[in-house]
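S.K.: I would like to see how this sequence folds:
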Amino acid sequence: MIEYSHGDMHDIEHFVKVWGYAKCIGELEGLEEDMQYILEVTSIIHDIACPLCREKYGDASGKLQERESEPLVRAFLADRNMDKSMIDRIVFLVCHHHTYTGVDGLDYQILLEADYLVNAYESGYGIENIRNMYNTVFKTQTGKDLLCSMYDL
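M.R.: Next up is the predicted model:
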């Protein structure tokens, strides 16, 4: 993904931070090995559509990313020797990483939490937004603990 990002340091720094939080939360929450692997791959490529969306729409909002991600993810993973069910799950997660309803697995939950932890800082979210996310979206104890520690909740 670093090469794919063509030197866009914001994108590179973002996905590396999301990966770090996702890895940490997943390990501390005791994810099974396959789910941890899916989570980590997804966290690295979750914003794969950002460059395309900025070029095509002048905007890389979450819903545009979700709409444009599937073919990019499938092409990126095509030669990675992964089974179809893993690729399908990664595609689903990337295509829903800004959708906070219908969360159907711990990998999905952790991706949302890890991405939010990074976005909250990068976007300068206010404390009310952060408290709302804590109360309505965050479910893992590790994610909640991190959010509380980072924002003195």
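S.K.: quick one: the strands in this structure?
M.R.: Counting by DSSP state E, the chain has no strands to list.
S.K.: So in it, where's the weakest helix or strand by average pLDDT?
M.R.: helix 50-57 (a mean of 92; mean pLDDT, DSSP states H and E).
S.K.: For that helix, enumerate the helices and strands it packs against.
M.R.: Packing partners of helix 50-57 (3 or more C-beta pairs under 8 Å, 6 or more residues apart in numbering; DSSP states H and E): helix 62-77. Any C-beta I mention is one placed from the backbone N, CA and C, and that applies to glycine too.
S.K.: Need the mean per-residue confidence for the helix it packs on.
M.R.: Mean pLDDT, computed over helix 62-77, is 94.
S.K.: ok now that helix, how far from the chain's centre?
M.R.: Distance of helix 62-77 from the chain centroid (C-alpha atoms, centre = their mean, to the nearest Å) equals 13 Å.
S.K.: CA atoms of it as PDB?
M.R.: The C-alpha coordinates for helix 62-77 follow below in PDB (Å, rounded to 0.1, in the frame of the first residue of the first chain):
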ATOM      1  CA  GLY A  62     -16.500   7.600   3.400                       C
ATOM      2  CA  LYS A  63     -19.600   6.800   1.300                       C
ATOM      3  CA  LEU A  64     -17.700   7.500  -1.900                       C
ATOM      4  CA  GLN A  65     -14.800   5.200  -0.700                       C
ATOM      5  CA  GLU A  66     -17.300   2.500   0.100                       C
ATOM      6  CA  ARG A  67     -18.900   2.800  -3.400                       C
ATOM      7  CA  GLU A  68     -15.600   2.700  -5.300                       C
ATOM      8  CA  SER A  69     -13.600   0.100  -3.300                       C
ATOM      9  CA  GLU A  70     -14.700  -3.300  -4.400                       C
ATOM     10  CA  PRO A  71     -12.900  -3.600  -7.800                       C
ATOM     11  CA  LEU A  72      -9.800  -1.900  -6.400                       C
ATOM     12  CA  VAL A  73      -9.600  -4.300  -3.400                       C
ATOM     13  CA  ARG A  74     -10.200  -7.400  -5.700                       C
ATOM     14  CA  ALA A  75      -7.500  -6.300  -8.100                       C
ATOM     15  CA  PHE A  76      -5.100  -5.500  -5.300                       C
ATOM     16  CA  LEU A  77      -5.600  -8.900  -3.600                       C
END
